[in-house]
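# what follows is a predicted structure for the sequence shown.
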Amino acid sequence: MAHDYLIIGAGPAGVQLAALLERDGRDYAVLERGSGAGTFFTRYPRHRKLISINKVHTGFRDPEQRMRMDWNSLLLDDPDLLFTRYTPKYFPDADDIVRYFQDCAAGLNVTYDVEVTRISRDGTGFVVAAGDRTWHAKNVVMATGVSQLYVPEIPGIEHAERYDTFDTDPESFTDQRVLVIGKGNSGFETADALVEHAAVIHVAGPHSVKLAWQTHYVGHLRAVNNNFLDTYQLKSENAVIDGSIERIEQRPDGGFRIQFRYARTVEKVRELEYDRIIACTGFKFDASIFADDCAPTLIIKDRFPQQTSGFESTNIPGLYFAGTITQSRDFKKSTSGFIHGFRYGARALHRVLSARNHGVDWHGEDLDLSPEAISDAVIARVNTSSALWQQFAVMGDVVSVTGARARYSEEVPVAFVADGGLGPAEHRFVATLEYGPDHDTIDPFDITIPRVAENDPVNAADASYLHPVVRYYRHGVLAATHHLAENLENHWDLPEVHQQPLVVFVKECLAGA
């Protein structure tokens, strides 16, 4: 069996990409080791509550604007196939999203219960083996997610229970001292679930707890999981301890002893004792199925594949990536690790493949070559686009001007533009939505900290909240930057505050050639 595109994994990214290939009549197939689409979510999160927002009632009529508050739906042509129709819960049950993904995958060319064991290359492309079956493909897209638990190199870590396999019944922890390793959402999700039964719970890790509402990175600790912090700061026997675990040892009489090096005390090492230890240390990409001749380069402690701005392996041509593993390009800075981010990355990958292999221009339209027309188009999009909203600083709309022609291209990864993915242009404007450079360090609820006022065009460049940024490139070189003033309701269309200053900026850029 030979295909132009072979997608490994029928999770949300694999289904998203397959739906676009199906729509365009491309030759593709999807291999999924589970018995249905979205198998990952049949097990994770372990306590079965998603932290992805499902805001059904937004007040918007525009489907594009509604997607800003819908973090779970895929970008499909069927307007009725939206996750918001499956449950009204703001933080949904994981079982609901499994049903949704399986409905999304209906009618696609997916083969289930296929465990890929080896990916290698021959003279024409890739060879994918699964048991006694073999597939051939010109291009392979890995959409497998992060399927393996990341286990830190701690002596004795094998004694710890693992987030992916431990018994989640809280009663089994009754009156016990518990150590949770990991300060991410899985660690605090686990700790919060045990509060009513465990005697003492410590959550440990070498770095400070980072709160998503402050950093704007949704992979940091979410409010829905941070009740445990109250039990620590209000002295209810629980604690968050900062430092590194240097060794885990079994005690002769049962339980465990750890050597813990505190990050902020005069003590060098302290011994602490626990009845149970749970490793909630994150996940990583499984690269073990690749033969040596096509193994992708790995980065970030070998947890993710390294990739170009076009989602292609940096060392294996024709090997592409979709889904949460594309977060290596904006690690802990934007949203490519999550459905509401990587669904746009998967659509961008489809456009990359369409351009490279099928001669299809990037999605967009021609504009009148005038500062007013360019500015109006940018304003209209930053007020409605869900891609720019969700993939802040990573994805932008692009206006390319060459000669007498202006072309508006939507939802282009900004790094792809910088790498020449849209080709040359005499003038180019790239519009993104971005937070200010200090957004992850200031407390937004502290009214004693000076901040830029809403609708302040003079000081817009110093704003910390999400706002549009338009950068001007002359023959590929950054020449000027314009910030639109932030707005509480995210409406960037006030004539004197937003529209007129942008028209002046565009006019000056074009006139300065």
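Thanks, I have it.
# where does pLDDT dip in this structure?
Scanning the chain for pLDDT under 70 picks out the ranges 513.
# ok, Gly421 - how many residues close by?
Burial of Gly421 is recorded as 21 neighbouring residues (other C-beta atoms under 10 Å). C-betas here are computed from N, CA, C, even on glycine.
# scratch that, Gly512
Gly512 sits with 11 neighbouring residues when counted by other C-beta under 10 Å.
# mind listing what it touches?
Ala479 (C-beta atoms under 8 Å, 6 or more residues apart in numbering).
# shift numbering so it begins at 38
All right, first residue 38 from here; so that's Gly549.
# what strand or helix carries Val277?
strand 276-287 (DSSP states H and E).
# CA-only coordinates of that strand in CSV, if you can.
In CSV, the C-alpha atoms belonging to strand 276-287 read as follows (Å, rounded to 0.1, in the frame of the first residue of the first chain):
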residue,chain,number,x,y,z
ALA,A,276,3.2,22.0,51.1
VAL,A,277,4.9,22.9,47.8
ILE,A,278,8.6,22.3,48.2
ASP,A,279,11.2,23.9,45.9
GLY,A,280,14.3,22.0,45.1
SER,A,281,15.7,18.8,43.6
ILE,A,282,15.2,15.2,44.6
GLU,A,283,18.7,13.6,44.6
ARG,A,284,17.8,10.1,45.6
ILE,A,285,14.8,7.9,46.4
GLU,A,286,15.4,4.9,48.7
GLN,A,287,13.0,2.2,50.1
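# quick one: strands adjacent to that strand?
When sheet partners are counted by DSSP bridges, strand 276-287 sits next to strand 237-242 (parallel), strand 293-299 (antiparallel).
# buried set for it?
Neighbour counts over strand 276-287 (16 or more other C-beta atoms under 10 Å) mark Ala276, Val277, Ile278, Asp279, Gly280, Ser281, Ile282, Ile285 as buried.
# is it possible to get JSON lines of those that adds distance to Thr421?
As requested, these are exported to JSON lines (distance: C-beta to C-beta, whole Å):
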{"residue": "Ala276", "distance to Thr421": "46"}
{"residue": "Val277", "distance to Thr421": "40"}
{"residue": "Ile278", "distance to Thr421": "46"}
{"residue": "Asp279", "distance to Thr421": "43"}
{"residue": "Gly280", "distance to Thr421": "47"}
{"residue": "Ser281", "distance to Thr421": "46"}
{"residue": "Ile282", "distance to Thr421": "48"}
{"residue": "Ile285", "distance to Thr421": "52"}
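# what's the span of stretch 459-472, first residue to last?
In terms of C-alpha to C-alpha, to the nearest Å, the two terminal residues of stretch 459-472 are separated by 25 Å.
# also stretch 478-494?
The separation between the terminal residues of stretch 478-494, taken as C-alpha to C-alpha, is 23 Å.
# same check, this time on stretch 331-350
Taking C-alpha to C-alpha as the measure, stretch 331-350 stretches 10 Å from start to finish.
# quick one: contacts for the residue nearest to Asp475 when sequence neighbours are not counted?
Using C-beta to C-beta, 6 or more residues apart in numbering and skipping the chain neighbours, the partner closest in space to Asp475 is Ser501 (5.7 Å). Contacts here follow C-beta under 8 Å, 6+ apart; on that basis Ser501 touches Tyr472, Gly473, Asp475, His476, Ile479, Pro481, Arg488, Val489.
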